[in-house]
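1. Here's a sequence, model it:
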Amino acid sequence: MTQPSIDSLAQAAFAQAPTKRPRLDATSAAIALAASTVGVLAAGLALLAIVGAWAGGYRYQPLREALRASSAASGAASVATGPKDWKKLEAESKKLAAALDRKTPRGSYVVVDRTNNLLYLRDQSAIELQAVCSAGSGSILKEPNGKRTWVFDTPQGQFKVISILKNPIWRKPDWAFIEEGEPIPANVNERFEPGMLGEYGLYFGDGYLIHGTLYERLLGRNVTHGCIRLGKKDLRELVQATRLGTQIYIF
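-> Reported below is the predicted structural model:
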């Protein structure tokens with residue numbers, strides 16, 4: 001008679017062993033059901049948040065959280081959630097919109113973005129012209145004897161057109177000769193160079209102009225000594241739409 005192996009005895013014992021299933025009393029069952037329900041609700045809210053962010057193109061933020069952040073930023077002590085609060089917020093929004101409208105210049109005005117080298121001619125909120133320009137390089141030039149230093153940057157702030165020049169002639173300042181390694185001339189007539197500034201120049205103070213250029217291939221780069229350069233076509237369009245006193249905003 002063949003003796004059973006140890007493996008076969010172990011398998012038989014395992015097969016005959018009763019399977020013990022945990023039993024839940026009423027309290028445990030209620031807790032498990034509640035946890036399951038909370039999990040489903042949380043998953044549903046998360047899904048709504050994801051869908052809302054995807055559909056709207058912005059990051060989902062619960063209304064209460066957004067209002068709380070807004071209130072904290074403005075120093076408000078409470079969070080607005082009721083109908084009266086909504087009416088108050090709506091009134092404040094209209095008041096701010098009216099204040100912004102009063103700040104908006106009337107008629108045409110010029111905006112210069114120095115970082116992106118873009119010039120805009122706007123009529124209130126409408127863009128009449130968008131042109132690639134060149135603003136100051138920000139480079140620094142020191143006189144060989146160390147007495148003077150120049151920073152070639154375009155100023156930022158609010159300005160206005162003081163004069164409109166046709167075929168302006170560039171009067172080379174001292175730094176232009178130093179930059180080129182040439183001696184500063186004693187004769188003032190040696191400073192004038194016609195044609196360098198294009199067909200027009202819009203002078204807005206302290207030696208700065210919006211003018212044309214011989215080097216249109218460099219437009220879009222910060223390469224000037226502080227003035228704003230424009231291409232011939234855009235400069236002509238800008239001059240036709242501006243007048244003395246036209247506001248210029250540079251940032």
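2. From now on I want contacts and neighbour counts done on CA atoms only, so please keep to that.
-> Fine.
3. where along the stretch 101-250 of the chain do the strands fall?
-> In the stretch 101-250 of the chain, the strands defined using DSSP state E, counting those that start in this stretch lie at 108-113, 118-123, 126-134, 139-142, 149-152, 157-160, 163-166, 169-171, 192-194, 200-205, 208-211, 228-230, 247-250.
4. Redo those strands as JSON lines? Include mean neighbour count.
-> Output for the strands of the stretch 101-250 of the chain, formatted as JSON lines (neighbours: other C-alpha atoms under 10 Å):
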{"stretch": "strand 108-113", "mean neighbour count": "21"}
{"stretch": "strand 118-123", "mean neighbour count": "20"}
{"stretch": "strand 126-134", "mean neighbour count": "18"}
{"stretch": "strand 139-142", "mean neighbour count": "14"}
{"stretch": "strand 149-152", "mean neighbour count": "14"}
{"stretch": "strand 157-160", "mean neighbour count": "14"}
{"stretch": "strand 163-166", "mean neighbour count": "16"}
{"stretch": "strand 169-171", "mean neighbour count": "16"}
{"stretch": "strand 192-194", "mean neighbour count": "12"}
{"stretch": "strand 200-205", "mean neighbour count": "22"}
{"stretch": "strand 208-211", "mean neighbour count": "22"}
{"stretch": "strand 228-230", "mean neighbour count": "30"}
{"stretch": "strand 247-250", "mean neighbour count": "18"}
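5. and of those strands, who's closest to residue 237?
-> strand 126-134 (8.0 Å; C-alpha to C-alpha).
6. Remind me what that closest one packs against, helices and strands.
-> Here strand 126-134 touches strand 118-123, strand 228-230, helix 232-241, going by 3 or more C-alpha pairs under 8 Å, 6 or more residues apart in numbering; DSSP states H and E.
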